[in-house]
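Enquirer: The following block contains a protein sequence and its predicted model.
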Number of protein chains: 2
Amino acid sequence: MSTDASRAARGLVTTGQDDGGQRPGRGRPPRYSQKELLDLVVAVFNARGYEATTMEDLARATGLNKSSFYHHVSGKEQLLSLAVDRALDALAAVMAELPAQAGRPVQRLEHVVRRTAEVLLDELPFVTLLLRVRGNTRIEREALRRRREFDARLAAMVREAAEADEIRSDIDPRLATRLLFGMVNSITEWYRPGIRPSSRTDIVDAVVELSMRGLDVRD
Amino acid sequence: MSTDASRAARGLVTTGQDDGGQRPGRGRPPRYSQKELLDLVVAVFNARGYEATTMEDLARATGLNKSSFYHHVSGKEQLLSLAVDRALDALAAVMAELPAQAGRPVQRLEHVVRRTAEVLLDELPFVTLLLRVRGNTRIEREALRRRREFDARLAAMVREAAEADEIRSDIDPRLATRLLFGMVNSITEWYRPGIRPSSRTDIVDAVVELSMRGLDVRD
């Protein structure tokens, strides 16, 4: 998260009262913590689509008026930036964990598969938004660049494990990576916390089991 | 594809000349076969998002004017219906193939995994559109209903193979189905014919290999 964006978002949280007088009969606008505000904004982006969401939609969903928003953020792009950075920072943190850095290649790969699935479930709305970014603006292109960087590191781990003969080597590592993390990412398409019967642990275990056995060297 | 929709789309193809005189300096509007027209419309839906696409967008992309469209189709919903039915009909046809109906459960499952991946690659824009349908209208809800029906048949095949001890039974069949066909569907996120180095055969083989080995009963 950039310092500017972070400062702006903190600013946004404390502004509601400035505009209270402009909303007769509806009382003071609500105040949000940064986390609460971003959760709401991301829910609107995911429901309506980022492209289709207007500042009016965000104002309506949060009960803040448009001038409150524009006083503190340059527009919805800045909110997108905060949201996708949260997902990207969590994924980058996985790569920095010790078990992703040290040990046999296949063990490092398994750790990253597991932790990526966990991050996806823990940060579901943020990763969902990230996966839908199409690259129409500078902020979206920067998000795609960071996503590609993460994907390249995943592919390098698969390649390394294949070269060490710890996983099968008959599938191109780049293709195997796309398919396996396509499986992980597909969770955003159907998982709804509290609705689906599968628990977080069931899902993470199933992802790890299917991936790692799928990659097994044939006996 | 419903007969009405089909007739309407055939009608659309032969209408261009009616409106030639309304477009001074640009000559006669182009004429399309049904397939060409639907290819163009689906490309616009996928690029802009179905929700965000207007009849003006479709008119601009095809060179037909709006009244040509409205004379023959009730709106973009009918075009969506034709497009998603093409994907759903191709998937339903897979389930009707003999190797999906007869043989050991694990072999039937492998056949369906392979053929589903092939249909996805052969009908890429149509399946991509189908997978993005959100259920905001009657036609979208009907598409979701048919998609759920297909998913339920997939899950039943996985369950049957697990009950016959031909695949692992330690993962809930419904969860395994979601993850494996999530992997298959994820191809729509990254595959671009003629750009990516992996061939159709490489991708289909990799999907089958990763899925079926991932489901293997541990020796």
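Expert: In hand now; what should we look at? Since the structure is predicted, the reported quantities are computational estimates derived from the model, not experimental observations.
Enquirer: from here on, contacts and neighbour counts on C-alpha atoms
Expert: Will do.
Enquirer: Get me the contact residues on chain A for chain B.
Expert: A:52, A:171, A:175-176, A:179-187, A:198, A:203, A:206-207, A:209-216 (CA under 8 Å from any CA of the partner chain).
Enquirer: which of the residues you listed are buried?
Expert: A:171, A:175-176, A:179-187, A:198, A:203, A:206-207, A:209-216 (16 or more other CA atoms under 10 Å in any protein chain shown).
Enquirer: Grab the nearest non-local neighbour of the residue sitting nearest the centre point of chain A.
Expert: Closest to where the C-alpha atoms of chain A average out (CA atoms, centre = their mean) is A:V127, at 2.3 Å. Counting by CA to CA, 6 or more residues apart in numbering or on different chains, A:V127 lies nearest to A:A87, which is 5.3 Å off, once chain neighbours are set aside.
Enquirer: tell me what the helix or strand containing the one you found is packed against?
Expert: According to DSSP states H and E, A:A87 maps onto helix A:76-96. Where contact means 3 or more CA pairs under 8 Å, 6 or more residues apart in numbering or on different chains; DSSP states H and E, helix A:76-96 is packed against helix A:3-13, helix A:34-48, helix A:105-122, helix A:124-132, helix A:138-163.
Enquirer: Using TSV, lay out these together with distance to A:V73 and mean pLDDT.
Expert: Formatted as TSV, the helices and strands packed on helix A:76-96 follow (distance: least, CA to CA, whole Å; pLDDT from 0 to 100):
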stretch	distance to A:V73	mean pLDDT
helix A:3-13	6	47
helix A:34-48	12	91
helix A:105-122	26	97
helix A:124-132	19	96
helix A:138-163	14	96
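Enquirer: Show me chain A divided up by domain.
Expert: Residue ranges for the domains of chain A, per automatic domain parsing: A:3-75, A:78-214.
Enquirer: Just the ones of the residues of chain A next to chain B in helices?
Expert: When these are checked against helices (DSSP state H), the matches are A:175-176, A:179-185, A:187, A:203, A:206-207, A:209-214.
Enquirer: ok, now which ones touch A:T62?
Expert: A:30, A:37, A:40-41 (CA atoms under 8 Å, 6 or more residues apart in numbering or on different chains).
Enquirer: does the residue nearest to the centre of chain A really touch A:L120, like I thought?
Expert: Yes: with contact defined as CA atoms under 8 Å, A:V127 counts as touching A:L120 (6.0 Å).
Enquirer: anything in contact with each of these two?
Expert: In terms of CA under 8 Å, 6+ apart, A:V127 and A:L120 are both contacted by the residues A:T188.
Enquirer: hang on, the earlier thing: moving C-terminal of the helix holding A:A87, what's the next helix or strand?
Expert: Counting by DSSP H and E, what follows helix A:76-96 is helix A:98-101.
Enquirer: From the contact counts, what lies against that next one?
Expert: On a contact count with 3+ CA pairs under 8 Å, 6+ apart, helix A:98-101 meets helix A:105-122.
Enquirer: which strands and helices sit next to the helix it packs on?
Expert: With contacts defined as 3+ CA pairs under 8 Å, 6+ apart, the packing partners of helix A:105-122 are helix A:76-96, helix A:98-101, helix A:138-163, helix A:173-185, helix A:200-214.
Enquirer: Mind listing residues that contact that helix?
Expert: A:90-91, A:94-95, A:99-102, A:127, A:154, A:157-158, A:160-161, A:164, A:166-167, A:181, A:184-185, A:187-188, A:200, A:204-205, A:207-208, A:212.
Enquirer: For it, list every residue counted as buried.
Expert: Quick answer for helix A:105-122 (16+ other CA under 10 Å): A:105-121.
Enquirer: related to what we said a few turns ago, turn the helices and strands packed on helix A:105-122 into a markdown table, columns for distance to B:L64.
Expert: Formatted as a markdown table, these follow (distance: least, CA to CA, whole Å):
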| stretch | distance to B:L64 |
| --- | --- |
| helix A:76-96 | 35 |
| helix A:98-101 | 55 |
| helix A:138-163 | 33 |
| helix A:173-185 | 38 |
| helix A:200-214 | 48 |
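Enquirer: Find the one among the ones you listed with the highest mean neighbour count.
Expert: Each of the helices and strands packed on helix A:105-122 was assessed for mean neighbour count using mean count of other CA atoms under 10 Å in any protein chain shown. The highest is helix A:173-185, with a mean of 23.
Enquirer: how far off helix A:124-132 does that one point, in degrees?
Expert: Interaxial angle, helix A:173-185 versus helix A:124-132 (axes from the mean of the first three to the mean of the last three CA atoms, to 10 degrees): 140 degrees.
Enquirer: can you tell me the helix or strand for A:S74?
Expert: Using DSSP H and E, A:S74 sits in no helix or strand.
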